[in-house]
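J.: got a sequence here, can you build the structure:
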Amino acid sequence: MIARSEPIWQSDDWQIELKNSIRTLGDLCQAVDIEIDDLPRALQAEQSFKVMVPRPYLERIEKGNPEDPLLLQVLPSAKEMLEVPGFVKDPLEEAQFTKVPGLIHKYHGRVLLISHAACAVHCRYCFRRHFPYADNALSSQQLTQVVDYIASDASIHEVILSGGDPLMNKDEQLARLVATIEAVPHVETLRIHTRLPIVIPSRISHRLLSLLAQTRLTIVVVIHSNHVNELDDQVAEALYFLRKHSVRLLNQSVLLKGVNSDASHHMKLLKRLHQIDVAPYYLHLLDHTQGVAHFQVDDSQALALYQKLQMQLPGYLMPKLVREKPFDLSKRLLIKA
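T.: Presented below is the predicted three-dimensional model:
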């Protein structure tokens, strides 16, 4: 671990790393020294949902291991092309809750804002891989509509920035967005759901830290880590500086077959999160999105895993095991932590 005085990276390094990401199946296979079965259908999967793997994340993948848990999250698979009953393009029916373009209002007291269409990594299990981002791009006009909607409902006390990934916005864009939300008096909390501190830790720049420290809003950052191997020292360092600037850190994971469906591996993840002062939030069961069925862990296996964790870990290390259903008014809790 390096000395914790100031972040070692400059504010634009993350954009360079983003530009240098792996963007094709062939380049990914070459970089991790693997060959894959059923290449034609894997290439079809790549066309359906493009490859995107930043090099800081790539460096944590074990070379020559086609079953590496980090690789499985980003490697196109022929299995994505299978038609599986019940797996659809919009499993949460988010279109039904889109009140104005770019804004989803499903739960009481909070709204979700599609603040950027792109991600820094393309996770193969993504529940928004078919989302109509073009129809929800946050133009100046749409942002005005969004803010008018939030301002008209005094029950809204929290705005959630999602996407895509909200930290794909440059610092100047993010500053304008935060200032606009901050101007609504009844909004108290800004929650940012992001995978960027995991896949490109240098995104936690000087300017971003300054921006988050200066707002009157309570800032909560929900990172998304599924496996302990994602949490190297550089990630821990980035998260340290967020905490140092009064950002509250939570983690959510998705339960994925072959990635984190083993209790011992999941226990290592939860212990590592505790070590770097990130609180557990949710362990999601897989959303039934078209193309992701091969990641599914059934309910009985999920409950068995969770009960093993409960028997071996203190309650403060346990996330909530949840499923999201389209018209539920909250996440559905499968078992009490």
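J.: next helix or strand past the host helix or strand of Thr144?
T.: Secondary structure assignment for Thr144, by DSSP states H and E: helix 140-151. Remark: after helix 140-151, the chain's next helix or strand is strand 158-163, criterion DSSP H and E.
J.: that following strand vs helix 140-151, what angle?
T.: 150 degrees (axes from the mean of the first three to the mean of the last three CA atoms, to 10 degrees).
J.: which strands and helices sit next to strand 158-163?
T.: strand 110-116, strand 189-194 (3 or more CB pairs under 8 Å, 6 or more residues apart in numbering; DSSP states H and E). All C-beta spots, glycine's among them, are computed from the backbone N, C-alpha and C.
J.: the shortest one: partners in the sheet, and parallel or antiparallel?
T.: When sheet partners are counted by DSSP bridges, strand 189-194 sits next to strand 158-163 (parallel), strand 218-224 (parallel).
J.: which other helices and strands contact the following helix or strand past that strand?
T.: Downstream of strand 189-194, the first helix or strand assigned by DSSP H and E is helix 196-199. Counting contacts by 3+ CB pairs under 8 Å, 6+ apart, helix 196-199 packs against helix 55-58, strand 218-224, helix 233-244.
J.: select, out of these, the one closest to Cys119.
T.: strand 218-224 (10.4 Å; CB to CB).
J.: buried sites along the closest one?
T.: Judged by neighbour count (16 or more other CB atoms under 10 Å), strand 218-224 contains these buried residues: Ile219, Val220, Val221, Val222, Ile223, His224.
J.: what does the model give the second one for pLDDT?
T.: Looking at Val220, its pLDDT reads 98.
J.: how about the contacts made by it?
T.: Thr189, Leu190, Arg191, Ile192, Val247, Arg248, Leu249, Leu250 (CB atoms under 8 Å, 6 or more residues apart in numbering).
J.: what about the third one, distance to Leu208?
T.: Right, the one you point to is Arg191. 16 Å (CB to CB, to the nearest Å).
J.: what bridges to the residue nearest to Thr98 when sequence neighbours are not counted?
T.: For Thr98, ignoring the flanking residues on the chain, the nearest one in space by CB to CB, 6 or more residues apart in numbering is Ile104 at 5.6 Å. Beta-bridge partners for Ile104, by DSSP bridges, are Thr98, Leu112.
J.: measure Ile104 to Cys126 for me?
T.: For Ile104, the distance to Cys126 (CB to CB) stands at 16 Å.
J.: the more surrounded of the two?
T.: When Ile104 and Cys126 are compared for neighbours, Ile104 comes out ahead with 21 against 18, by other CB atoms under 10 Å.
J.: list the contacts of the more buried one.
T.: Contacts for Ile104 (CB under 8 Å, 6+ apart) come out as Glu94, Phe97, Thr98, Val111, Leu112, Leu113, Ile114.
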